[in-house]
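Peer 1: what follows is a predicted structure for the sequence shown.
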Amino acid sequence: MLNLILFGKPGSGKGTQASFLKNKYDLVHISTGDVFRKNIKNETDLGLKAKVYTEQGELVPDEITVSMLENEIKQNLPSNGFIFDGFPRTTFQANEMNKILSKYKLPLSATVALEVSDNLLKDRLLKRGKISGRADDQSEDKILTRLNEYRKKTEPLIQYYGKMNKFYSVSGIGEIDEISLRLVDLIEKIQK
Ligand code: AMP
């Protein structure tokens, strides 16, 4: 069973690579950002609660996000494994995730970060904003807020998973296929 956390700054290519890995290894792909966007579009209670935060580029409060994640996991069991894209993003979420994974007997295989420099990310996100229309990709201010949230709240997880011997990083720069190959190489090594 393969259970992966895909980790990286906004715009690092997590979503693209997670879809690739989902197909290759027949995993369930849970993107907390996608779940929030779907709920916001459908104007559900969860969507209404999350909207103000996501539109400003801030993290949605932990309690809301953690219970949503557990629901998504429950709905997709049994499964060959999961790829988590955009969760956890805080130490609180990581602690809760450990509990949830052990409750459902889903051993964590690895946390893999896609490394891309901030300058390249800003360019990628502004370009993506023109195509996707995502509210949080529209201005440099919102992008900076997201990068700051990442630095303050998410980056400490590198050490967190490092201490558990579960942290790996891969360069997220280059062609999409090239980056996918780097990920597959790493996963094959981990699985040996
Ligand atoms: P993403 O698509 O992963 O860039 O997420 C888009 C937005 O959804 C983020 O900027 C947050 O507002 C919210 N979000 C997604 N995942 C989380 C999370 N794990 N914790 C808190 N907020 C999240």
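Peer 2: Nice, thanks for sending it over. Numbering: from 1, shown residues only.

Peer 1: for burial, what's the neighbour tally of whatever residue of the chain ends up closest to the ligand?
Peer 2: Residue nearest to the ligand within the chain: residue 33 (2.0 Å; C-beta to the nearest ligand atom). C-beta coordinates here come from the backbone N, C-alpha and C atoms, glycine included. Neighbour count of residue 33, defined by other C-beta atoms under 10 Å: 19.

Peer 1: quick one: residues contacting the residue nearest to residue 76 when sequence neighbours are not counted.
Peer 2: Here the nearest residue to residue 76 in space, its sequence neighbours aside, is residue 28; by C-beta to C-beta, 6 or more residues apart in numbering that works out to 4.4 Å. Counting by C-beta atoms under 8 Å, 6 or more residues apart in numbering, residue 28 makes contact with 22, 76, 79-83.

Peer 1: for PyMOL, write the selection for the buried entries among those residues.
Peer 2: PyMOL command restricting the contacts of residue 28 to the buried ones, with burial defined by 16 or more other C-beta atoms under 10 Å:
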select buried, resi 22+81+82+83
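
Peer 1: from the contacts of residue 28, which are also near the ligand?
Peer 2: Residues of those in contact with the ligand (C-beta under 6 Å from any ligand atom): none.

Peer 1: the contacts of residue 28 in strands, which ones?
Peer 2: Judged by DSSP state E, strands contain the following of the contacts of residue 28: 81-83.

Peer 1: now, among these, which is nearest to residue 44?
Peer 2: Using C-beta to C-beta, the shortest approach to residue 44 within those belongs to residue 82, at 22.5 Å.

Peer 1: run through the residues that contact the closest one.
Peer 2: Here residue 82 is in contact with 3-4, 27-30, 73, 76, 106 (criterion: C-beta under 8 Å, 6+ apart).

Peer 1: give me that answer again for 6 Å
Peer 2: Residues in contact with residue 82 (C-beta atoms under 6 Å, 6 or more residues apart in numbering) are 3, 27-28.

Peer 1: tell me where the chain has helices.
Peer 2: Ranges of helices within the chain are 14-25, 32-41, 45-56, 62-75, 91-103, 118-132, 140-149, 156-163, 176-191, based on DSSP state H.

Peer 1: about what we covered before: I'd like the ones in strands among the contacts of residue 28 as CSV, with distance to residue 126 appended.
Peer 2: Shown next, in CSV, are the ones in strands among the contacts of residue 28 (distance: C-beta to C-beta, whole Å):
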residue, distance to residue 126
81, 34
82, 31
83, 27
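
Peer 1: any chance of JSON lines for those residues, columns pLDDT?
Peer 2: Below are those laid out as JSON lines (pLDDT from 0 to 100):
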{"residue": "81", "pLDDT": "97"}
{"residue": "82", "pLDDT": "98"}
{"residue": "83", "pLDDT": "98"}
